[in-house]
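J.: Kindly return the folded structure for what I paste below:
(chains A and B)
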Amino acid sequence: MLYDALIAPFLEFEFMRRALAGVVALALGGAPIGVFLMLRRMSLVGDAMAHAILPGAAIGFLFSGLNLFAMTFGGLIAGFSVALLAGLVSRVTVIKEDASLAAFYLVSLAVGVTIVSMRGTNIDLLHVLFGNILALDDQTLLVIAFNATITLVVMAVIYRPLVIECVDPVFLRTVSRAGAPAHLAFLALVVVNLVNGFHALGTLLAVGLMILPAGIARFWSRDITGMMMISVASAMVSGYFGLVLSFQTKVPSGPAIILVAAVLYVFSVLFGNVSGLVRQLFPGRHLEA
Amino acid sequence: MSAQLSFRDVTLGYDRHPAVHHLNGEIAAGSLLAVVGPNGAGKSTLFRGIVGILKPLTGAIALGGLKPRDIAYLPQSVDIDRTFPISVFDFVGTGLWRTTGIFGGLGKKARAQIGQALAAVGLNGFENRNIGTLSGGQMQRMLFARVLLQDARVIVLDEPFNAIDTKTSADLIALVRHWHAEKRTVLAALHDMEMVRAHFPEALLLARGSVAWGPTQQVLTSDNLLEARRMCEAFDDGAGTCVVDATQSRAA
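T.: Residues are numbered from 1 along each chain as shown, chains lettered A, B, ... in the order given. Model prediction:
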């Protein structure tokens, strides 16, 4: 019975195995990025960027149909242009960074949806907006795995300056020039992982597997290594049970994955070890020292 | 003794308004110099110029062969994200950046050094605490431990004893004197004149320009302090172009 529900779908159907592999790769790359987004108070920036990559991916789609490389490449270019343009406008005018980014991503989203509807069908539009993790072909799976690998390698390289830049930027400036390149590399990784999530979860939910696991991890660990481990694990767990849920019910796979993550998140908010609500309500007697 | 730092007609400022105005002078290697002056006198600005965060509007600061990155700098309002989940040990360990760089690991020797630095500022046993759990005084001790590890020839401390109790500042001033004994050049911006008189052989009284510079006893006279206050209040938003600059550019 349990075997039928949890394991049989993956043994029986190849598309389920592919989806599971895809979700594992997404979790490995995206979740640590999400932790840093959260710690730098950039969670909503990640969300905005997810919409910003749409027109690029759509133009790729316009030229070559559902071709993965074209869409990834276009998405990267669109993501970077929006990030740079928004930064530029906020730097030279009175508009603040958040308003500037919001303006650009809304325009991006509108342009992207328009481009897709011009050429494609409603199914294509749905695919772009919500992704389709159950239809990952070999090529897509390889791109996702490649992006996740790149993410982990680059994160290992920029880890120390990135951490110090978060904690004490002035100090980093006085000892090293690595701060700005590390920050840029990090932004690039954000875009790469959004494009990754875009194929599986669509433009609206791409950040889901980055931000929710990071939020979950915050409630269970006090140090950043622990947070990254927990976020990766909870992203994988959400992915797995989300796939099972969507297989057994009518819930589409992308939302199912995010819903499972949401359940974990709510549980963490309530019962989390670090500042969870129940813990705050019943803190136990105070300590001696 | 040779000059560690020398200022040649240095003007530093923001938005063309000078905060340090035409400063000339030298700081000998191994000096222990207190920089005093009212709020807005340009102390922090001068320090930011020395460590290279702020480029001089005119003039030049020579560092006696050092690079700005060889100077240990403790800013006044430290822009630290205290909610960031990092332990005291790891945070202080960043002081070893010059030897570890981006990739270098912390070996046995480095770990021992970090332990010694924490012991020197009286923070043993705090290694695994998150920085967010420290009190103001403990935070300042931790920052001193990091400066200690930076092992720099020149140390610049911007109002390091603000809002710090007497016990903590006494402990930390002992560390400053120890650095002085090791022939390091130490600059500190301070407001506590008693402390300056007790521990700092030299002083620079700053009020955008230098009011007095030399042995502490001769600098901290009531006349000088009054003069410094007067000069600082002479600030004009609609100020014209500096005459000294104008004559110089005409000459050039």
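J.: From now on I want contacts and neighbour counts done on CA atoms only, so please keep to that.
T.: Noted.
J.: Now do the helices in chain B.
T.: B:43-50, B:88-93, B:97-100, B:108-120, B:136-150, B:166-181, B:193-199, B:216-219, B:222-233, B:243-251 (DSSP state H).
J.: Check the stretch 151-289 of chain A too.
T.: Secondary structure of the stretch 151-289 of chain A (DSSP state H, counting those that start in this stretch): helices located at A:169-175, A:179-205, A:208-218, A:224-248, A:253-271, A:277-281.
J.: How many neighbouring residues does residue 112 have?
T.: Unless you meant another one, I'm taking chain A. 23 (other C-alpha atoms under 10 Å in any protein chain shown).
J.: other chain: chain B
T.: 12.
J.: and it, how far is that from chain A?
T.: 20 Å (C-alpha to the nearest C-alpha, to the nearest Å).
J.: Identify the residues contacting that residue.
T.: For residue B:112, the contact set (C-alpha atoms under 8 Å, 6 or more residues apart in numbering or on different chains) is empty.
J.: Residue B:24 too?
T.: B:6-10.
J.: among those residues, which are in strands?
T.: B:6-10 (DSSP state E).
J.: Closest one of these to residue A:144?
T.: When the ones in strands among the contacts of residue B:24 are compared for distance to residue A:144 (C-alpha to C-alpha), residue B:10 wins out at 54.8 Å.
J.: Hmm, the closest one is touching residue B:58, no?
T.: Yes. Between residue B:10 and residue B:58 a contact is recorded at 5.8 Å, counting by C-alpha atoms under 8 Å.
J.: Between the two, which has more neighbouring residues?
T.: residue B:10 (22 against 16).
J.: Chain neighbours aside, what residue packs nearest to that one?
T.: residue B:59 (4.3 Å; C-alpha to C-alpha, 6 or more residues apart in numbering or on different chains).
J.: thought the one you found was touching residue B:20?
T.: No. Contact criterion C-alpha under 8 Å: residue B:59 and residue B:20 do not qualify, at 11.1 Å.
J.: Common neighbours of these two, please.
T.: Contact criterion C-alpha under 8 Å, 6+ apart; residues shared by residue B:59 and residue B:20: B:10-11.
J.: Kindly reformat the contacts of residue B:24 as a markdown table containing pLDDT.
T.: A markdown table is the format used below for these (pLDDT from 0 to 100):
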| residue | pLDDT |
| --- | --- |
| B:6 | 88 |
| B:7 | 91 |
| B:8 | 89 |
| B:9 | 89 |
| B:10 | 90 |
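J.: So which of those wins on neighbours?
T.: residue B:10 (22 neighbours).
J.: What about the nearest residue to residue B:56 once chain neighbours are set aside, how many residues nearby?
T.: Residue nearest to residue B:56 in three dimensions, not counting chain neighbours: residue B:12, with 4.7 Å by C-alpha to C-alpha, 6+ apart. By the criterion of other C-alpha under 10 Å, residue B:12 has 27 neighbours.
J.: residues contacting residue B:12?
T.: By C-alpha under 8 Å, 6+ apart, the neighbours of residue B:12 are B:18-21, B:45-46, B:49, B:54-58.
J.: related to what we said a few turns ago, of the ones in strands among the contacts of residue B:24, closest to residue A:54?
T.: Nearest member of these to residue A:54, counting by C-alpha to C-alpha, is residue B:10, at 51.1 Å.
J.: Next, find the distance separating the closest one from residue B:16.
T.: To residue B:16, residue B:10 is 13 Å away according to C-alpha to C-alpha, to the nearest Å.
J.: Overlap in contacts, these two.
T.: With C-alpha under 8 Å, 6+ apart, residue B:10 and residue B:16 have common neighbours residue B:57.
J.: Surely residue B:61 and residue B:3 touch.
T.: No. Here residue B:61 lies out of contact with residue B:3, judged by C-alpha under 8 Å, at a distance of 11.6 Å.
J.: Compare those two (neighbour count), which wins?
T.: When residue B:61 and residue B:3 are compared for neighbours, residue B:61 comes out ahead with 23 against 15, by other C-alpha under 10 Å.
J.: How about the more buried one: what's its closest non-neighbour residue?
T.: Closest to residue B:61 by C-alpha to C-alpha, 6+ apart is residue B:7, at 4.8 Å.
J.: For the residue of the stretch 151-252 of chain B found nearest chain A, what are phi and psi?
T.: Nearest residue of the stretch 151-252 of chain B to chain A (C-alpha to the nearest C-alpha) works out as residue B:152 at 11.1 Å. Note on residue B:152: its backbone torsions stand at phi -90, psi 150 [degrees, to the nearest 10].
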